[in-house]
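1. below is the sequence, then the predicted model.
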Amino acid sequence: MRFRMPEGYIIVPGGTDSYQAGGPSPSPPSSATQTVMVEIERGDDLSGFTDEVQHEMLGELASWKVKTIIVGPMPNQDRMIEAFRILLGHEPVSQGGVYVWWEVQA
């Protein structure tokens, strides 16, 4: 199984964040997608989810060759679904307790 999680849950060798400068990092490289997803997960205000940020996120998804997006179960799941619905312009499919966008065209 191979998948990417822009918001984290990995150890990146040689990371440069405050966790351990120059050593392993618990965070992936910073991205607009990561920032928005972490803010949603924390329940932060999404005033930064602007058209410009959405354009940057679509560019990131395209550069990462993302074809499928899965949301759930997670904190603030409804807000995450809404953000990706706005970003992608259509509803996800509810399947097996998660929400999925298939054949993403970013």
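-> In hand now; what should we look at?
2. surely Met37 meets Met80?
-> Yes - the criterion here is Cβ atoms under 8 Å, and Met37 meets it with Met80 at 7.0 Å. All C-beta spots, glycine's among them, are computed from the backbone N, C-alpha and C.
3. for Ala61, the count of nearby residues, please.
-> One thing to correct before we go on: residue 61 is Leu, not Ala. Leu61 has 22 neighbouring residues, counting by other Cβ atoms under 10 Å.
4. distance of the spatially closest residue to it that is not a sequence neighbour from Pro92?
-> Once flanking residues are discounted, Leu61 sits nearest to Ala106: 3.6 Å by Cβ to Cβ, 6 or more residues apart in numbering. Noted for Ala106: a distance of 15 Å to Pro92, by Cβ to Cβ, to the nearest Å.
5. got it, and Glu82?
-> For Glu82 relative to Pro92 (Cβ to Cβ), the value is 10 Å.
6. also Val36?
-> Applying Cβ to Cβ to Val36 and Pro92 gives a distance of 17 Å.
7. buried ones in the strand or helix carrying Val36?
-> Per DSSP states H and E: Val36 is located in helix 32-42. By 16 or more other Cβ atoms under 10 Å, the buried positions in helix 32-42 come out as 32-37, 39-41.
8. same for it, what does it pack against?
-> The contact analysis (3 or more Cβ pairs under 8 Å, 6 or more residues apart in numbering; DSSP states H and E) places helix 32-42 against helix 51-63, helix 77-88.
9. touching it from outside, list them.
-> Around helix 32-42, the neighbours that count as contacts under Cβ atoms under 8 Å, 6 or more residues apart in numbering are 6-8, 27-28, 45-46, 48-49, 53, 56-57, 60-61, 74-76, 79-80, 83.
10. kindly export it (C-alpha atoms) in PDB.
-> The C-alpha trace of helix 32-42 is given here as PDB (Å, rounded to 0.1, in the frame of the first residue of the first chain):
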ATOM      1  CA  ALA A  32      -0.100  24.700   1.500                       C
ATOM      2  CA  THR A  33      -2.000  21.400   1.700                       C
ATOM      3  CA  GLN A  34      -0.300  20.400   4.900                       C
ATOM      4  CA  THR A  35      -1.000  23.800   6.500                       C
ATOM      5  CA  VAL A  36      -4.700  23.800   5.600                       C
ATOM      6  CA  MET A  37      -5.200  20.100   6.700                       C
ATOM      7  CA  VAL A  38      -3.400  20.700  10.100                       C
ATOM      8  CA  GLU A  39      -5.500  23.800  10.700                       C
ATOM      9  CA  ILE A  40      -8.700  21.900   9.900                       C
ATOM     10  CA  GLU A  41      -7.700  19.000  12.200                       C
ATOM     11  CA  ARG A  42      -6.900  21.400  15.000                       C
END
